[in-house]
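Visitor: quick one, structure for this:
(4 chains, ligands or ions: 6)
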Amino acid sequence: MMDVPTTEPLEIREHIVEFVSDSGEGAQTAGQLFASVCARSGAGVWTVEIIPAEIEPPVRSRAGASGIRIRFGSEEVTNMGDEADLVVAFNEQVLYSRIDQGALREGTVVVIDDVWATHRDESVKAAYNAAMEDFAERGYDVRPMPLDKETAKLTENTRRGKNVWVVGMLAAWYSMDLAPFEDEVARIFNRKRKGQAVIDANHKMLRAGHAWGQKNLPVRLRVPVEAAPKPKVVMNGNTAVAMGCMAAGIEVCSMYPITPATSASHYLAAAFDQAGGFVHQAEDEIAAVAFAIGASYAGKTAVTITSGPGMALKTELIGLAVMGEIPLVIVDVQRGGPSTGLPTKVEQGDLLHAVYGHPGDAPKVVLAPSTIEECFHYMVTARKLAETFRTPVIVLTDANLATGQAPFDYPELSEDWLSPPIDQSPWSGSTRPYEWDDKTGISPRPIPGQEGGQFVLTGLAHNEKSHIAYESALNQHAMEMRSRKMAALRASLKPPPVVGGDDGDLLIVGWGSTRGAIEEAVHTMRAEGVKVSSAHLRFLAPMEPGLTEIFARFGKVMTVEINYSDGDAIDIDQEGRRRSQLAIMLRSATLVDVESWSRVPGQPLPPSMIIGAIRDALSEDA
Amino acid sequence: MMDVPTTEPLEIREHIVEFVSDSGEGAQTAGQLFASVCARSGAGVWTVEIIPAEIEPPVRSRAGASGIRIRFGSEEVTNMGDEADLVVAFNEQVLYSRIDQGALREGTVVVIDDVWATHRDESVKAAYNAAMEDFAERGYDVRPMPLDKETAKLTENTRRGKNVWVVGMLAAWYSMDLAPFEDEVARIFNRKRKGQAVIDANHKMLRAGHAWGQKNLPVRLRVPVEAAPKPKVVMNGNTAVAMGCMAAGIEVCSMYPITPATSASHYLAAAFDQAGGFVHQAEDEIAAVAFAIGASYAGKTAVTITSGPGMALKTELIGLAVMGEIPLVIVDVQRGGPSTGLPTKVEQGDLLHAVYGHPGDAPKVVLAPSTIEECFHYMVTARKLAETFRTPVIVLTDANLATGQAPFDYPELSEDWLSPPIDQSPWSGSTRPYEWDDKTGISPRPIPGQEGGQFVLTGLAHNEKSHIAYESALNQHAMEMRSRKMAALRASLKPPPVVGGDDGDLLIVGWGSTRGAIEEAVHTMRAEGVKVSSAHLRFLAPMEPGLTEIFARFGKVMTVEINYSDGDAIDIDQEGRRRSQLAIMLRSATLVDVESWSRVPGQPLPPSMIIGAIRDALSEDA
Amino acid sequence: MYGVKTDWFEPSPGCHYDLEDYESLEARWCPGCGDHAVLTAIQRICRDEQLPPHETVVVSGIGCSSRFPHYMKTYGFHGLHGRALPLAEGVRSRRPDLNIFVATGDGDCCSIGAGHWIHAIRYNMKMVVMLFDNNVYGLTKNQTSPTSSHGQRTNTHPRGAWLQPIDPIQTTLGITNASFVAQTIDWHPAHLTATLRAAHKHDGLSFVRILQRCPHYTDDIFDFARNDASKILLMTHPDGVEVPAAVAKGFPNATSHDPSNIDEARRLACGEDGLPIGLFYRNPDAQRYDLFSIEGLATPRAEKIAAVRRVLDGYRV
Amino acid sequence: MYGVKTDWFEPSPGCHYDLEDYESLEARWCPGCGDHAVLTAIQRICRDEQLPPHETVVVSGIGCSSRFPHYMKTYGFHGLHGRALPLAEGVRSRRPDLNIFVATGDGDCCSIGAGHWIHAIRYNMKMVVMLFDNNVYGLTKNQTSPTSSHGQRTNTHPRGAWLQPIDPIQTTLGITNASFVAQTIDWHPAHLTATLRAAHKHDGLSFVRILQRCPHYTDDIFDFARNDASKILLMTHPDGVEVPAAVAKGFPNATSHDPSNIDEARRLACGEDGLPIGLFYRNPDAQRYDLFSIEGLATPRAEKIAAVRRVLDGYRV
Ligand SMILES: Cc1ncc(C[n+]2csc(CCOP(=O)(O)OP(=O)(O)O)c2C)c(N)n1
Ligand SMILES: Cc1ncc(C[n+]2csc(CCOP(=O)(O)OP(=O)(O)O)c2C)c(N)n1
Ligand code: SF4
Ligand code: SF4
Ligand SMILES: [Mg+2]
Ligand SMILES: [Mg+2]
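Guide: Residues are numbered from 1 along each chain as shown, chains lettered A, B, ... in the order given. Ligands and ions are numbered 1, 2, ... in the order given. Below is the predicted model:
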């Protein structure tokens, strides 16, 4: 594709580019620079970090691959896509780590530093040469380039300069103006509080790469974009959660570090004070949620951000928040489980824990944003729901949303989004602290400081006065009232939109971060004439209504999830099959034979995988 | 019934008697004495403790009612039954507490101490007299008797003597020989290490009561019994769990106190050393399960015994045991939830937590004994399953089984029941620590001390060597292998027996402690010609097979559970209805429209309530 | 005494709180339980200091002693077993206006809550922490606690507790940033009240271990000191817990102990000179985490929006 | 050195364990990380003492330092964050025959594991507990730990840690039943090894705080002492950690400290005389809970059945 000899750049709708290097060589910074400029130009963008498992891995090792994938295109990009179109690898070993992950396909263009071909260490040279042969055999379109050599002309430490040189070279390749790159370089290094000297040096590097590209690249590409009508922000899901907390007027984030959730708190720790908030790093997850509950009880709805093992530890206190009807926002950035599992990898394995994981009947709201933009806005929703329904709200994101970056419309902030000031007006003496509305289960909430509102919150069974009460009828009633809140909220929800056609052969149901990939797969298949649609749930508890009716319009219903289910391969009867988590819930609620296609690759599901699943599902029927 | 003037005792099939007093007046001891003699005679017996909420409640208060219910009859008794036939109340206030609980019906015979009628404190007298009028109005068959006055003839402290006098009186009433009572008194006070003087005094009291009864009771009753063919033991479910641990050869019980589970550990603490075991009271539930896991990893499969809030805290470590494939037995004596809830009361609210409550996919075995006898035997089963399948096994009992007492066949102990000695033979060098069998997921387990078996157990995703491994395919495979164990166990299970007819209009499905009451209700209704049957699950994960097929034979399937579900009364659509816990699982597994009748009264479900539910379920259809 | 103790607090007219303004449901502890005495003492202090009931919060865990909030007509939070301290810290974090009392038991604080205890002492957020130490698990009916004495027979150790008890005072004194560490006894209302009052007035976290009688399970454990006051070592000091001279006279064994001297505090805590009561240690300069956590509390709403905008702008493309 | 250090352990013929018998996967800590040094020290001690690899278990929590077991060719248990100690206690409870080493970090032990830490010291079950104190959360990438110094900038406190660090030694010394409390430094192999060897030989729980360099996040925190050995206070004593005279010479600032003197131990721990290394405290008479937990270990199977029967007979009707 890239060898057509033409001077006019070739127009393409989208491309997937990866930068991969030893950690410390700045492939990530380079990628972010490239992605920001794309986003700024109005392109659709989705980036995913490539993170090594160790903190300081050895150089030139598979385990040490650090980098970024950028998928960008003329239209909105909602997921990381399939195999890469172009990979820039600073050495052959880090490229292997991407090959191991299935990130390359036949024909992928591989830009690789040619410095290793002449390395003084024979074994390095040999490894490089062997790899080059192997790459050719695998059918990659390999382009050794003088990354190191060219960079060496401008700096002594090429490990610090290559990355920006490469960006300049790519700017030429993708026929992009250099000016926005120069702006972005200045911004990035300003943000890192580097001096003008550093910026100047990087500008030089950028221009050198660009010049080299213009001179040496036989083919040029172009992704046509229209300038975005509205201003946008680009960030990852964890940052979006953090910003969302601030926009929601939350003032207390009480957390304990855990991958892949912690960075959300880092962003908050850096910026929260500007909005008058603070991050409490507690001694453990139990204390973190207890602290958050204490603050919420005292009128400041707090957030606690964690991942699976932390959710496990918070189990008991979330139950208390349900019983005491304490507003509280809990963000679970899901990672691979069970147990310590795959700490940096994506999974959607905490759904059932969130919904059913608390001893006794503990109704609570469970939400799942499906985009980075929703990560932002759902924090506002979550706080409001928590306070309106006097309940904990669990927001399930995952490692894919957490570290993926995408642009979204600059939010139109509003004071209405902020939590109201703590109500300290005198309490109406006759109102009880749990004066449940029979229809909705909702009750007004006294906050310490309100004169006459004194009551004792307790996790014991209690009556409307919050007095300990063990009578049978009372217990039944109180449980009913807490459950009623879910019914009331559900009554205000709309059925999920169906993407594709309103009826057809197959409906894919998903939740959380898989939406982009699912919908892309659906669109691709529909373009082929396949009658597949999808519906995506944002509310898991209560669930959005109307599912039974929607399901009835399709020949087959199947969830697509990143969690475990017994496959069909082995001899397990349908009744005993251990199913994926959403499927369990949907089957029980609708009695429709909802099947599931679920996998635990520790990776986001690319559209091609889902396309495969759709084909399989439909061919089984045939 | 009791006023038919005859000298021959009236034969009855069964009776429900309650003793209720201020705490410290010994109604419980009296009841146990009475129940033991019944059981010894070969009668069917079920006793339930009546426990006050406070530790030292005030005298003559509803909150202070302490006592026992004894249901005894000619045949096996499997549950606490409906309203009492006869209640002995030491004062009118404690009786009110039973009335509040719905323990009495019109016609219930009320034996009440007449001492209050002439009490020097006017307010006491007035309260008593008012109550007597009220009782008469409520239609009870009230029999004031000189409990205190007669006892006073023999002792100065009548609060310490009444109880045994009453037993003597009842022995006369129920036409029972006095000798076994005398034996039992001796046994009880010997066990409490009291001297002969105390025994003699109590014997006198017993005889005095008996003599008074023979002289003054106009009617006498008799429950015909046949001597039991086999020797029996009588104990409550917690004791049975403790004995079961010992019989299973478990040597380590690692626990943290929590109602209503703690007494199981108390029994163990008192007796375990005789079998070479020990109870570790840890600093919290997390440490308790970690300690148990450590011991199990080192070759001594341990047990940890707790209740809902403790289960919540153990969530994370149970996940580790699943991931590390560590045998472990966890007993959850369920109480009312959510949160602190109803600490002393029964509920079946932890089922979903046990099955689904651990972040990520965490397959493990979940068992539920349905009788006190099963509480004993399932501990042996649990340890064996834990070791065979290298997995945690959760045993769900509840406050009803924990404190209910019933006789069962003296177990035929066997050395086979004991855990094998720790294997310390050299490990075959080539065998991997997780050498999963592809079909069953089972792998042999190296135990520290085995030469050549060294491996590092980890909660991180790992390969067969237990090396940390994050590859997609490996993660999928390891998850499959852990899940496969459930399929393998399930393949060895039989469908649950159906009680009643093999087909019909309604099938009740239950699990855990409700079996006795459900089956009694089924028998009663079938005697009326109603086509109702029941099936009871002992395995909740994996579930016993064949359910879809069984369900197909019935017009309607309904679970009966002691946990919360949205009723039909309010306007919630079927899809959004929050259902009871077993119903959720069954619907998902079978796609049968399994309905549920579930309540959270904090009390065991009496047969009459279930009968009502059966009637309602069938009339809805009509 | 109705509303007259106004030496440091000038009540607005008509705002006199009487004892009954702090009294709620009838306390349901056993007769003779030391918890009753502490309840009375706290109610008196609230009244004397005229703490508005609606600006006062009692937080507790689970246990007999943790029933405390139910018997106060203030706000209350009867939390979870072991979690009283982090719950109270959360309440404190953004509410400098509230008076916070924490009731916790020896199981609640020193066993399941031990990690939070260490860290609460370290955070030093203003609150009064009352450790009700009856050397046993009361509510769950007689199990060993970390302060149960060696050989004490309980339901979990029917042949006697195996280990030596931990000393909550010594442990607390080992934690950096401890700021007020005292010990008192439930059976001496004057000393109890004086200690808790000093605790209330301290600016930081006051940790008060109360030796608490549990007539139901550990009836005689404090008899040696109850029957013979000379077994008690009264620690007095102008900077410590002050008791009237008449009261002090009841303690033949007294010592002047400067609460800024931590070495001496640790030595006294060993108990070789008698069962010490009074203030072991006070460090008014210990950092208070609540002074960090309240930062920005008054940020105006418009400023919050502006801040979010500022931060978002950093991500603008 | 192959198999020759057999002074107290008589190896059976052919049973010589070499260093590589303890070496497993290549350690994946950062270059220069102090954890490497500790690994080497432990492998040496295992070899010197000829501990059979299959009778040795290394238990850990989660953190960089908790990867330790993966690099030993013994049995290992890489547990959960904060739970290394109760897991190790469980292993120890019925296995007096195993050698147990515990690797835990300052976050793992002093933050999330703080409650277990207190109680592990109290239980005093025979094991070597190595606290890898790098004053930071390494694995999760630079968050404040309880031992982070005041003002230390981390990702959770970008403007500097607000509180003073807790002192793990002082805290441990406050716990009743502490039996072996030492401190050492990763950058001095001789002292490190000598300390860990003494810990291994102690009959009870040996708590060793290792000041551990984390070049990645807290590179310079120990520079003051690394660059100037006089900032270190070497505690020596015949009952303490013995180092050869040649080694001792490297520490100009040394003191003889009798480890039975807890008051002096606490004073030294304050660090006023320099950063103390060596043994603060040893109490060989502290009760060992593992001597309780192993009771009845040898009960014959028939006797177990008989016991159950005896107990059941009490419930027979
Ligand atoms: C998570 C959890 N574990 C255990 C319990 C059971 N429990 C309630 S109170 C208590 C101990 C009470 O002892 P202490 O704290 O000394 O208070 P006291 O009753 O003696 O005042 C226990 C173990 C619980 N409620 N929650
Ligand atoms: C329950 C739980 N919470 C949080 C984490 C995340 N986590 C892993 S290691 C760690 C802290 C590591 O710090 P430290 O114990 O000091 O060890 P280091 O990495 O510095 O050696 C944390 C918070 C986790 N794995 N599990
Ligand atoms: S059991 Fe003890 S602590 Fe509890 S209320 Fe009774 S006397 Fe007080
Ligand atoms: S981050 Fe620090 S503690 Fe972790 S391996 Fe690197 S240097 Fe060692
Ligand atoms: Mg106590
Ligand atoms: Mg650390």
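Visitor: torsion angles phi and psi at C:L211?
Guide: phi -70, psi 120 (degrees, to the nearest 10).
Visitor: who's in contact with the nearest residue to it once chain neighbours are set aside?
Guide: Distance criterion C-beta to C-beta, 6 or more residues apart in numbering or on different chains; nearest residue to C:L211, sequence neighbours excluded, is C:I185 at 4.7 Å. The way it works is simple: take the backbone N, C-alpha and C, and place the C-beta from them, glycine included. Taking C-beta atoms under 8 Å, 6 or more residues apart in numbering or on different chains, we find C:I185 in contact with C:H191, C:L192, C:I210, C:L211, C:F222, C:A225, C:I232, C:I277.
Visitor: secondary structure element for whatever residue of chain A ends up closest to ligand 4?
Guide: Distances between chain A and ligand 4 by C-beta to the nearest ligand atom are smallest at A:I55, namely 4.2 Å. Assigned by DSSP states H and E, A:I55 falls within no helix or strand.
Visitor: likewise for C:W29?
Guide: Here C:W29 sits in a region with no helix or strand, counting by DSSP H and E.
Visitor: wait, it touches C:D35, no?
Guide: Yes: using C-beta atoms under 8 Å, C:W29 makes contact with C:D35 at a distance of 4.6 Å.
Visitor: please report the distance of the residue of the stretch 201-317 of chain C found nearest ligand 2 from A:G404.
Guide: Per C-beta to the nearest ligand atom, C:Y289 is where the stretch 201-317 of chain C lies closest to ligand 2, at 19.6 Å. Distance, C:Y289 to A:G404, using C-beta to C-beta, to the nearest Å: 35 Å.
Visitor: neighbour count winner among these two?
Guide: More crowded of C:Y289 and A:G404, by other C-beta atoms under 10 Å in any protein chain shown: A:G404, with 28 against 24.
Visitor: surely that one and A:A35 touch.
Guide: No: if you go by C-beta under 8 Å, A:G404 and A:A35 don't touch, sitting 10.8 Å apart.
Visitor: which neighbours do these two share?
Guide: Contact criterion C-beta under 8 Å, 6+ apart; residues shared by A:G404 and A:A35: A:T47.
Visitor: any idea how far A:P231 is from chain B?
Guide: As defined by C-beta to the nearest C-beta, to the nearest Å, A:P231 lies at a distance of 38 Å from chain B.
Visitor: quick one, phi psi at that residue?
Guide: Torsion angles, degrees, to the nearest 10, at A:P231: phi -60, psi 150.
Visitor: check contacts around it.
Guide: Residues in contact with A:P231, defined by C-beta under 8 Å, 6+ apart, are A:D409, A:Y410, C:R316.
Visitor: distance check, it against C:D313.
Guide: A:P231 is 9 Å from C:D313, by C-beta to C-beta.
Visitor: just the pLDDT at the residue nearest to C:L211, thanks.
Guide: At C:I185, the pLDDT value in this model is 98.
Visitor: helices of the stretch 101-250 of chain A, residue ranges please.
Guide: With DSSP state H, counting those that start in this stretch as the criterion, the stretch 101-250 of chain A has helices at A:122-137, A:147-152, A:162-173, A:179-191, A:196-216, A:237-247.
Visitor: just those helices: most buried one?
Guide: Greatest average neighbour count among the helices of the stretch 101-250 of chain A goes to helix A:237-247 (a mean of 30), per mean count of other C-beta atoms under 10 Å in any protein chain shown.
Visitor: I'd like the average pLDDT over it.
Guide: Helix A:237-247 comes out with an average pLDDT of 98.
Visitor: where does the closest residue to chain A within the stretch 51-200 of chain C sit: helix, strand or coil?
Guide: Scanning the stretch 51-200 of chain C for proximity to chain A using C-beta to the nearest C-beta identifies C:G90 as nearest, at 2.2 Å. What DSSP: H, G, I helix; E, B strand; the rest coil gives for C:G90 is helix.
Visitor: enumerate every residue touching it.
Guide: Contacts here follow C-beta under 8 Å, 6+ apart; on that basis C:G90 touches A:V252, A:S254, A:A290, A:F291, A:A292, A:I293, A:G294, A:A295, A:S296, A:Y297, A:A298, A:A302.
Visitor: between the residues you listed, which is nearest ligand 1?
Guide: Closest approach between these and ligand 1, by C-beta to the nearest ligand atom: A:A290, at 12.3 Å.
Visitor: grab the nearest non-local neighbour of the closest one.
Guide: Among residues not flanking A:A290 along the chain, C:P86 sits closest, at 3.6 Å (C-beta to C-beta, 6+ apart).
Visitor: what do you get for C:A302?
Guide: Leaving out its chain neighbours, the residue that sits closest to C:A302 by C-beta to C-beta, 6+ apart is A:E415, at 7.3 Å.
Visitor: with A:S97 instead?
Guide: Nearest-residue entry for A:S97: A:A65, 3.7 Å, with adjacent residues in sequence omitted and distances by C-beta to C-beta, 6+ apart.
Visitor: that neighbour and ligand 2, how far apart?
Guide: According to C-beta to the nearest ligand atom, to the nearest Å, A:A65 and ligand 2 sit 22 Å apart.
Visitor: picking that back up, more neighbours, C:W29 and C:D35?
Guide: C:D35 (29 against 23).
Visitor: please identify which helix or strand holds that one.
Guide: Secondary structure from DSSP H and E places C:D35 in helix C:34-48.
Visitor: helices or strands up against that helix?
Guide: If contacts are counted by 3 or more C-beta pairs under 8 Å, 6 or more residues apart in numbering or on different chains; DSSP states H and E, helix C:34-48 sits against strand C:99-105, strand C:127-133, helix C:189-201, strand C:205-211.
Visitor: need the winner for burial among those.
Guide: Counting by mean count of other C-beta under 10 Å, strand C:99-105 has the highest mean neighbour count of the helices and strands packed on helix C:34-48, with a mean of 30.
Visitor: packing partners of it?
Guide: In terms of contacts (3+ C-beta pairs under 8 Å, 6+ apart), strand C:99-105 is packed against helix C:34-48, strand C:56-60, helix C:84-93, strand C:127-133.
Visitor: still on that earlier bit, find residues that contact each of C:W29 and C:D35.
Guide: Common neighbours of C:W29 and C:D35, counting by C-beta under 8 Å, 6+ apart, are C:C64, C:R67.
Visitor: wait, A:M479 sits on B:R599?
Guide: No: the pair A:M479 and B:R599 fails to qualify as a contact (C-beta under 8 Å) at a distance of 9.6 Å.
Visitor: neighbour-wise, which of those two wins?
Guide: Taking neighbours as other C-beta under 10 Å, A:M479 and B:R599 compare with A:M479 leading, 27 against 22.
Visitor: quick one: contacts for that one?
Guide: Applying C-beta under 8 Å, 6+ apart, the residues near A:M479 are A:D361, B:Y564, B:V600.
Visitor: of these - the most surrounded one?
Guide: That'd be B:V600 among the contacts of A:M479, by other C-beta under 10 Å, with 30 neighbours.
Visitor: so what pLDDT did that residue get?
Guide: B:V600 is assigned a pLDDT of 97 by the prediction.
Visitor: about what we covered before: now render the contacts of C:G90 as CSV, adding pLDDT and neighbour count.
Guide: Formatted as CSV, these follow (pLDDT from 0 to 100; neighbours: other C-beta atoms under 10 Å in any protein chain shown):
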residue, pLDDT, neighbour count
A:V252, 98, 25
A:S254, 98, 31
A:A290, 98, 31
A:F291, 98, 32
A:A292, 98, 35
A:I293, 98, 32
A:G294, 98, 32
A:A295, 98, 31
A:S296, 98, 28
A:Y297, 98, 28
A:A298, 98, 27
A:A302, 98, 33
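Visitor: narrow these to those in strands?
Guide: Of the positions in these, A:V252, A:S254 sit in strands, assigned by DSSP state E.
Visitor: okay, the contacts of C:G90 in JSON lines with distance to ligand 2 next?
Guide: Formatted as JSON lines, the contacts of C:G90 follow (distance: C-beta to the nearest ligand atom, whole Å):
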{"residue": "A:V252", "distance to ligand 2": "19"}
{"residue": "A:S254", "distance to ligand 2": "14"}
{"residue": "A:A290", "distance to ligand 2": "15"}
{"residue": "A:F291", "distance to ligand 2": "15"}
{"residue": "A:A292", "distance to ligand 2": "16"}
{"residue": "A:I293", "distance to ligand 2": "18"}
{"residue": "A:G294", "distance to ligand 2": "20"}
{"residue": "A:A295", "distance to ligand 2": "21"}
{"residue": "A:S296", "distance to ligand 2": "22"}
{"residue": "A:Y297", "distance to ligand 2": "24"}
{"residue": "A:A298", "distance to ligand 2": "26"}
{"residue": "A:A302", "distance to ligand 2": "18"}
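Visitor: that'll do, ta.
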